[in-house]
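Colleague: What follows is a predicted protein model with its sequence.
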Amino acid sequence: MASIAANLQAVRDRIARAAHAAHRDPGEILLLAVSKTFPAGHIAEAFAAGQTAFGENHAQEAVEKITVLAALPLEWHFIGPIQSNKTRLIAERFGWVHSVERENIAQRLNASRPAGMPPLNVCIQVNVSGEATKSGVAPGAEAMLADAIARLPRLKLRGLMTIPEPTADVMLQRRRFALLRELGDGLRARGHALDTLSMGMTDDFEAAIVEGATIVRIGTAIFGPRPKD
């Protein structure tokens, strides 16, 4: 079984190949290691191999790991559905939130972000595949939410995030990611200074890179299969 360090290098190599094929600089693409369900020791092992940005989707589980690993200079991204009663935990302990889909959640994050910290970096989650089971605003609804977030002083709108339906159809993958890119372009045309497209996971991140991803969220290819419940 390959080590986390070896897996990380393999993923970095894949990112570099995909970027070069798309005539992009690999340095433009942040590898976010999705560490949800994995213990703090796995994160420490990844850090020792040069990984500093980690994604979590359960606030309480994440805060426990953040506390254990407080001595390490890690960047924490919240990437899961946001419960109203967890907004304070998220606002106080994370540097990024990728999954904002409602104005009231944005307002709660803004109100809970400590004044001594920099503004919380946020992305709007968009449901580009229209699945009833997926979180995110419908395409076209992101503009109103972006305008609302821009009025909140403790938040900084960075871009958009999506989790399209799993498919082996690379052209369908690309169409979903291209839609997110086009929505981001539309927000920039409205005056929003966006620099982030958070899209692509273990099975589709090469297609996301072709369509302009700046953050890819990789879990299984780094840490292996997730533990069963």
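Modeller: Structure's in. What do you need?
Colleague: ok, now which ones touch Pro39?
Modeller: Lys65 (C-beta atoms under 8 Å, 6 or more residues apart in numbering). In short, each C-beta sits where N, CA and C put it, glycine included.
Colleague: What does it show for phi and psi?
Modeller: Backbone torsions for Pro39, taken as degrees, to the nearest 10, come to phi -70, psi 170.
Colleague: So it versus Glu45, what's the distance?
Modeller: Separation of Pro39 from Glu45 (C-beta to C-beta, to the nearest Å): 10 Å.
Colleague: avg pLDDT for the helix or strand hosting Leu172?
Modeller: Element membership for Leu172 (DSSP states H and E) is helix 170-189. Average pLDDT, helix 170-189: 97.
Colleague: Please point out which parts of it sit buried.
Modeller: For helix 170-189, a neighbour-count test (16 or more other C-beta atoms under 10 Å) marks 173-174, 176-181, 183-184, 187 as buried.
Colleague: now, among those residues, which is nearest to Ala62?
Modeller: Leu180 (24.7 Å; C-beta to C-beta).
Colleague: what sits against the closest one?
Modeller: Residues in contact with Leu180, defined by C-beta under 8 Å, 6+ apart, are 126, 128, 160, 162, 197, 199, 211.
Colleague: hmm, back to that, skip ahead from the helix holding Leu172 and say which helix or strand is next.
Modeller: Next helix or strand after helix 170-189 toward the C-terminus (DSSP H and E): strand 196-198.
Colleague: in that following strand, what's buried?
Modeller: Quick answer for strand 196-198 (16+ other C-beta under 10 Å): 196-198.
Colleague: which helices and strands does that strand pack with?
Modeller: In terms of contacts (3 or more C-beta pairs under 8 Å, 6 or more residues apart in numbering; DSSP states H and E), strand 196-198 is packed against strand 120-125, strand 155-161, helix 170-189, strand 215-218.
Colleague: 7 Å - rerun?
Modeller: strand 155-161, helix 170-189, strand 215-218 (3 or more C-beta pairs under 7 Å, 6 or more residues apart in numbering; DSSP states H and E).
Colleague: so which of these comes closest to Gly50?
Modeller: strand 215-218 (14.2 Å).
Colleague: If anything else comes up later, I'll come back, but that's it for now.
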